[in-house]
Every structure is written in structure tokens, then in C-alpha cells.
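>>> Mind looking at a prediction? Sequence and model below.
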Amino acid sequence: MSETPNQDRMIQQALADYFQFLEIRGVSAHTLRSYRSDLTHWSQSLLDSGRFRTLKDLEEDWKPSELRAYLSQISE
């Protein structure tokens with residue numbers, strides 16, 4: 001299932017806010033670039049799963065095992 005434009009905007013805004021926070025905290029450009037790439041890819045995989053229709057769904061239903069599965073998938 002593909003995300004709706006509204007979902008995409010919500011995710012993009014949440015990520016932009018987080019990246020801005022990291023910039024304010026003074027993380028290195030390399031760290032910021034890596035976080036941006038990794039989190040953008042991971043958020044897209046969550047949206048593509050179709051399980052999370054909103055950020056609230058993600059907050060309530062996300063499990064650490066899903067992150068482990070994602071990390072395992074990308075390390076192959």
C-alpha cells in the first residue's frame with residue numbers, strides 16, 4: 001500500500017523537524033547526512049508496509065522488532 005500525500009507530508013515534516021533539531025544541537029554534517037538517508041529510507045519502508053496510516057498509529061503500534069527486521073534486511 002502506498003502512502004497518501006497527507007501521510008507523506010506528515011512524515012516529511014516530522015523528519016524535517018528532527019533534522020533541524022539535530023542541526024541546532026550541532027551534529028556533524030556527516031552524521032546529519034547519514035541520519036537523513038537512513039531515516040528517510042526507513043520511514044518510507046514503514047509507509048509502504050501499510051500498517052501505519054498516521055504518526056499516531058506509528059507511536060502506538062510500532063515495535064522494536066520491526067526496526068531489527070529492517071536493519072537485518074538492509075544489511076543483506
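Ah, there it is.
>>> I'd like the distance between the residue nearest the centre of the chain and Tyr35.
Taking C-alpha atoms, centre = their mean as the criterion, Ser43 is the residue nearest the geometric centre of the chain, at 3.0 Å. When C-beta to C-beta, to the nearest Å is the yardstick, Ser43 and Tyr35 sit 12 Å from each other. The way it works is simple: take the backbone N, C-alpha and C, and place the C-beta from them, glycine included.
>>> before we move on, what about Ser28?
Between Ser28 and Tyr35 the computed distance is 10 Å (C-beta to C-beta).
>>> From the contact counts, what lies against the helix or strand where Trp42 lies?
Under the assignment given by DSSP states H and E, the secondary-structure element containing Trp42 is helix 29-49. Using 3 or more C-beta pairs under 8 Å, 6 or more residues apart in numbering; DSSP states H and E as the contact criterion, the elements in contact with helix 29-49 are helix 5-25, helix 64-75.
>>> Under the pLDDT cut-off, which ranges of this protein? List them.
Across the chain, the stretches falling below the confidence threshold (pLDDT under 70) are 1-5.
>>> Tell me the helix or strand right after the helix holding Trp42.
Helices and strands here follow DSSP H and E; after helix 29-49, the next one along the chain is helix 55-61.
>>> Can you name every helix or strand that that following helix contacts?
helix 5-25.
>>> Dump the helix it packs on to CSV, restricted to CA.
In CSV, the C-alpha atoms belonging to helix 5-25 read as follows (Å, rounded to 0.1, in the frame of the first residue of the first chain):
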residue,chain,number,x,y,z
PRO,A,5,0.0,12.7,0.1
ASN,A,6,-1.1,13.7,3.6
GLN,A,7,0.9,10.9,5.2
ASP,A,8,3.9,11.7,3.2
ARG,A,9,3.7,15.4,4.3
MET,A,10,3.3,14.4,7.9
ILE,A,11,6.3,12.1,7.8
GLN,A,12,8.4,14.7,5.8
GLN,A,13,7.6,17.4,8.4
ALA,A,14,8.4,15.2,11.3
LEU,A,15,11.7,14.3,9.8
ALA,A,16,12.5,17.9,8.8
ASP,A,17,11.8,18.9,12.4
TYR,A,18,14.1,16.2,13.8
PHE,A,19,16.9,17.1,11.3
GLN,A,20,16.5,20.8,12.3
PHE,A,21,16.8,19.8,15.9
LEU,A,22,20.0,17.8,15.1
GLU,A,23,21.5,20.8,13.3
ILE,A,24,20.7,23.1,16.3
ARG,A,25,22.4,20.5,18.5
